[in-house]
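Participant: Requesting a structural model of the entry that follows:
(chains A and B, ligands or ions: 3)
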Amino acid sequence: MTATLATPMRPSGAKTRINDFSIQVATVNGSGSQTANTVLLRAIFQMGVLVSGKNLFPSNIAGLPTWFTIRASAKGYVARKASNEMLILMNPETAKEDIAKSDAHALVIYDEPLQLDKLREDLAYIPVPFQKLVTASCPEPKLHKLVKNMIYVGVAARLLSIDMEEVKKAITKQLKGKAKAIEINQAAAVAGYDWAMENIQDQDHIKVVRDDKTQGLIIVDGNEACALGALFAGVTVVGWYPITPASSLVETFIEYAEEYRKDPKTGKSNVAIVQMEDELASAGVVLSAGWAGARSMTSTAGPGVSLMSEFIGLGYYVEAPGVFFNVARTGPSTGLPTRTQQSDVELCAKCSHGDTQHINLYPGNMEECFQFAYDAFDLAERFQTPIFVVTDLDLGMQNWSSRPFAYPATPYDRGKVLDQKQLAEIKDWGRYKDVDGDGICYRSLPGTPGGKGSYFTRGSGHNEYAQYSEKPEDYLQVVDRLKRKYETAKTHVPTPVFRNLGSPKGVLAFGSSDPAVIEAQDLLAEGGLKTDYLRLRALPFTAEVDAFVQEKQVVYVVEQNRDGQMANLFRETYPEFATKFKSILHYNGHAIDAQGIVDQITAFEQQ
Amino acid sequence: MTTATPAAPTNQLGFTKQDYVGSKSTLCAGCGHDAITAQIINAAFESSIEGYRVTKYSGIGCSSKTPAYFINQGWGFNSVHGRMPSIATGASLANRNLINIGVSGDGDSMSIGMGQFVHAVRRNVPMIYIIEDNGVYGLTKGQFSATADKGSHLKNGAVNDLPPIDPCTLAIELGCGFVARCFSGNPKQLNAILKSAFAYQGMVVLDIISPCVTFNNHDASTRSYKHVKDHDFPLHDLGFIQYSEVEDVEIAAGTTEVVAFPDGSKVAIKAIHEGYDPTDRFGAMKAIHESMAKGEFLTGLLYINPTQPPLPDVLNLVDGPLSSLGESDLKPSPEVLDKIMKDLM
Ligand SMILES: Cc1ncc(C[n+]2csc(CCOP(=O)(O)OP(=O)(O)O)c2C)c(N)n1
Ligand code: SF4
Ligand SMILES: [Mg+2]
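Facilitator: Numbers count the residues shown, from 1 in each chain, chains lettered A, B, ... in the order given. Ligands and ions are numbered 1, 2, ... in the order given. Take a look at the predicted model:
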């Protein structure tokens, strides 16, 4: 059967959406669709068009539904867009529901036997005989299942007017060096393209037109960016335990370490990486390695942080450095392990029992994932405390285009560490004495020769000389100094980024919400509501944040959790302004989109 | 007239025993743990251990307090309950020149910290792992621990219905290359074992029966001084020979077996318990199980295999401490970043 493109009903006068659309691909996980989807994304990227990809995958190895959305945006908006202009339906299980949920006028590419074209009349259907095409293009039957997906890439390329050379290049890039696989996949893509060329009428609904917006950009995910930051920061001890969506951070680091952390002559490694038995042990390794003078890290997600929390409190109180990446996912409990959320805000801010406060870094894009990962090791050693770098699944595991990372020029800050000579000169050294008045004391490292500087680290009450003490005055001296130390951090953590349109109304967000907030800000402005946007990048709140909170009539706090956790921190920190903070929330596990923010802010404004 | 006080004896490093002591103990008078502390001090002094290289780790419990009572020249890290092994793991990786001593309790290691104990042993973390085993939770005032014998009583009369976990057979099963059981009331044996342990490169597990005089020293306890004394079956007389002395020492032939360490040190093992071969892993397991069935404590060097690579070697780490590597050793060049960025384009 030859398919022809039935022209869907389109709103009269609708213009072709050039480089401005979303595609959703529905497949079964474990079917190799990730490669095909990345190729399609890359091909658009290579056409010079800004794209972002969101993989909505199940917590399962094979056989469950998965969706991948690709958004192209001439204006550079890279947040998820809730509506899709093209659907590629390969999963019989979800096809009917996908059709039912589809936006009107979408182009629907589907596997011919699914017979979806009678379900709705306001869609344009493109039934593709995948089995026939794959049989003709691929000689090896056992590869058919994997290669089938590459056919829709070819079909989509034809419909969108993507240059086939870019598709081929993307395949070569994606399958790095695997000549046979490259050949087979390219043949499949071409088969899809040629079939579409012959059988499908051209359409003018959505198109890719060559642009120059991606010149010199990279495609990367946040876990890789963080891993690279750690590599350049010189991490030497890694203790970790696998958990989605944090595993690939360490796994990518391991790959880079193979190449860049081995002595070429001896083959010996200058980083110790140990997959521990659980997150408690990982935290122990991180803190004790930091205590002993190494740069150390782990990477985990919410359940892991919960397990680590006793140790985090120890690290805070005994003042041991360590970097803790939390790639957050949807909680509570196991929750939706493969979906995104920013629901560990309060957990990381105050992790552990007793009075604790932690420095948290919130990168909002790939360059910051790299840079903040680098900076976190400086902060850990400067402040002698656990540092959280908090990202989420959306930043950590999705594909983002980014400017290439700038080389981190600042030299390592190893903090206040006394060596043998300095120890010999000091008369009255106390591990927990605040000599400089900034709350940060001088430490010594185990193994320092010379007979001076040894001390006893304990999670129980201690005085300035690290001696056991239950005296109220000794206790207060330490915990009040820790609070001063946290104050000092205000001038060391990354300051916020502003996008001000000139308004007394504030929007405040952090992390992966950034692209959606920028887009929402523009949409609101088009509708007549200007806002000033502060993107928070760290805890504790810096002076710039104080000023923003004071100035603004209202502060819309955008965050991806149910309880408005960041807004809660703000109300607690600025009780006198508590009523200014209005929560704009998104927490269903999908990446945040602009329209939801616009709708909620508009609703508040109309009250 | 004045009499000169005789100078305190010094070791090869010129230190006196006083240089190996710690702060004053705050444990109950007569607590077995203090006797162990005393032997750690003696053994470190006699083995001429460099105090500044010593790190002392512990969890939480009366036993876990003791690292504060020995080798003040070293660094201590009293961590959280049951998590001493991971603390030792991280620090020993950060600086492979450290001499790592972990002190834990039967509660700390066999209950809350069982997972960490098991995995630290499995990884062959280079450390002396001491379990001060009194069959109870001392610090929380006398509840049963997981090493308490079936049928033993608490002071308040409660009976333990569950079988004990034995740290020694467990450690042997996990592949530990140095496993010993001692009694805090037998200082000579403990001293020889500790000195051997200092010379060993890898995980040393020492289960030291250490009566709690306050909560578990009554007649119905199988971990009281009296009971252990009556049921202690030392396997052998141990002699430890430091590598530097080896030349001068003659070891009598006959019943004495000698196990050599990679650094040249030796342990001379003069068997008392007939036919016990501490290099025979399965034989050791069998003998321990048989003695336990009879209600005895076999003490001494239960199993030894000095050839297993410790964790830093398994990980193929560079020779020096990772903690002393700096920016010039660790930070890749701008060219490397450039290449990585090009690959991502
Ligand atoms: C997470 C946690 N749970 C419980 C405790 C309370 N606690 C302190 S010591 C201890 C048991 C110690 O027993 P053991 O390790 O045998 O040491 P001992 O005092 O007998 O030497 C317990 C349960 C704690 N400190 N931390
Ligand atoms: S309670 Fe028992 S274990 Fe604790 S110090 Fe006293 S005698 Fe020792
Ligand atoms: Mg105990």
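Participant: From here on, just use CA atoms for contacts and neighbour counts.
Facilitator: Noted.
Participant: Double-check residue B:209 against residue B:225; I have them as touching.
Facilitator: No - the criterion here is Cα atoms under 8 Å, and residue B:209 misses it with residue B:225 at 9.2 Å.
Participant: List the buried residues in the helix or strand encompassing residue B:285.
Facilitator: Element membership for residue B:285 (DSSP states H and E) is helix B:281-293. The neighbour-count check on helix B:281-293 (16 or more other Cα atoms under 10 Å in any protein chain shown) flags B:281, B:283-285, B:287-289 as buried.
Participant: Which stretches in the stretch 251-400 of chain A count as helices?
Facilitator: Ranges of helices in the stretch 251-400 of chain A, per DSSP state H, counting those that start in this stretch, are A:279-291, A:302-318, A:345-349, A:366-383, A:393-397.
Participant: For the stretch 151-300 of chain B, which segments are assigned as helices?
Facilitator: Under DSSP H, counting those that start in this stretch, the stretch 151-300 of chain B gives helices at B:167-173, B:187-199, B:225-231, B:281-293.
Participant: Only alpha carbons, please: show the third one as CSV.
Facilitator: Which is helix B:225-231. Output in CSV follows, covering the C-alpha atoms of helix B:225-231 (Å, rounded to 0.1, in the frame of the first residue of the first chain):
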residue,chain,number,x,y,z
TYR,B,225,36.5,-13.4,82.9
LYS,B,226,36.0,-16.7,84.8
HIS,B,227,34.2,-18.4,82.0
VAL,B,228,36.6,-17.4,79.3
LYS,B,229,39.6,-18.3,81.4
ASP,B,230,38.1,-21.8,82.0
HIS,B,231,37.3,-22.3,78.3
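Participant: for the record, mean pLDDT for it?
Facilitator: Averaged over helix B:225-231, pLDDT sits at 93.
Participant: Is any residue of it near ligand 2?
Facilitator: No - counting by Cα under 6 Å from any ligand atom, ligand 2 is not contacted by helix B:225-231; separation bottoms out at 11.5 Å.
Participant: contacting residues for the residue nearest the centre of chain A?
Facilitator: By Cα atoms, centre = their mean, chain A has its centre lying nearest to residue A:395, at 1.4 Å. Residues in contact with residue A:395 (Cα atoms under 8 Å, 6 or more residues apart in numbering or on different chains) are A:221-223, A:364-366, A:511-512.
Participant: and which of these is nearest to ligand 2?
Facilitator: residue A:223 (47.0 Å; Cα to the nearest ligand atom).
Participant: Which element, helix or strand, includes the one residue in the stretch 51-200 of chain A that gets nearest to chain B?
Facilitator: Nearest residue of the stretch 51-200 of chain A to chain B, counting by Cα to the nearest Cα: residue A:173, 9.0 Å away. Using DSSP H and E, residue A:173 falls within helix A:164-174.
Participant: can you point me to the longest helix in the chain?
Facilitator: Since you didn't name a chain, this refers to chain A. helix A:179-199 (DSSP state H).
Participant: Can you look at chain B instead?
Facilitator: Using DSSP H, we find that the single longest helix of chain B is helix B:32-46.
Participant: who touches the very next helix or strand once past that one?
Facilitator: Using DSSP H and E, the helix or strand that follows helix B:32-46 in sequence is strand B:54-58. Residues outside strand B:54-58 that contact it (Cα under 8 Å, 6+ apart) are A:446-447, B:64-65, B:67, B:71, B:73-80, B:83-84, B:87-88, B:98-104.
Participant: how deep is the residue of the stretch 151-300 of chain B found nearest ligand 3 tucked in, by neighbour count?
Facilitator: Scanning the stretch 151-300 of chain B for proximity to ligand 3 using Cα to the ion identifies residue B:212 as nearest, at 7.7 Å. Neighbours of residue B:212 under the rule other Cα atoms under 10 Å in any protein chain shown: 26.
Participant: doesn't residue B:134 make contact with it?
Facilitator: Yes - with contact defined as Cα under 8 Å, residue B:212 counts as touching residue B:134 (5.7 Å).
Participant: Looking at the contacts of residue A:395, state which has the most neighbours.
Facilitator: Most surrounded of these: other Cα under 10 Å gives residue A:223, at 31 neighbours.
Participant: mind checking the SS state of that one?
Facilitator: Three-state call for residue A:223 (DSSP: H, G, I helix; E, B strand; the rest coil): helix.
Participant: okay but it is in contact with residue A:246, surely?
Facilitator: Yes - in this structure, residue A:223 is within contact of residue A:246 by Cα under 8 Å, at 7.3 Å.
Participant: who touches both of these two?
Facilitator: residue A:396.
Participant: any weak-confidence spans in chain B?
Facilitator: B:1-4, B:245-255 (pLDDT under 70).
Participant: circling back to that earlier point, only C-alpha atoms, please: export the helix holding residue B:285 in PDB.
Facilitator: Coordinates of each C-alpha in helix B:281-293 appear next as PDB, following Å, rounded to 0.1, in the frame of the first residue of the first chain:
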ATOM      1  CA  ARG B 281      41.800 -22.400  55.500                       C
ATOM      2  CA  PHE B 282      39.300 -25.200  55.600                       C
ATOM      3  CA  GLY B 283      41.100 -26.900  58.500                       C
ATOM      4  CA  ALA B 284      40.800 -23.700  60.500                       C
ATOM      5  CA  MET B 285      37.100 -23.400  59.800                       C
ATOM      6  CA  LYS B 286      36.600 -27.000  60.900                       C
ATOM      7  CA  ALA B 287      38.600 -26.600  64.100                       C
ATOM      8  CA  ILE B 288      36.800 -23.400  65.100                       C
ATOM      9  CA  HIS B 289      33.400 -25.000  64.500                       C
ATOM     10  CA  GLU B 290      34.300 -28.100  66.500                       C
ATOM     11  CA  SER B 291      35.600 -26.100  69.400                       C
ATOM     12  CA  MET B 292      32.500 -23.800  69.400                       C
ATOM     13  CA  ALA B 293      30.300 -26.900  69.600                       C
END
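Participant: Distance-wise, check residue B:225 relative to residue A:562.
Facilitator: For residue B:225, the distance to residue A:562 equals 59 Å [Cα to Cα, to the nearest Å].
Participant: Before I go, just wanted to say thanks for your time.
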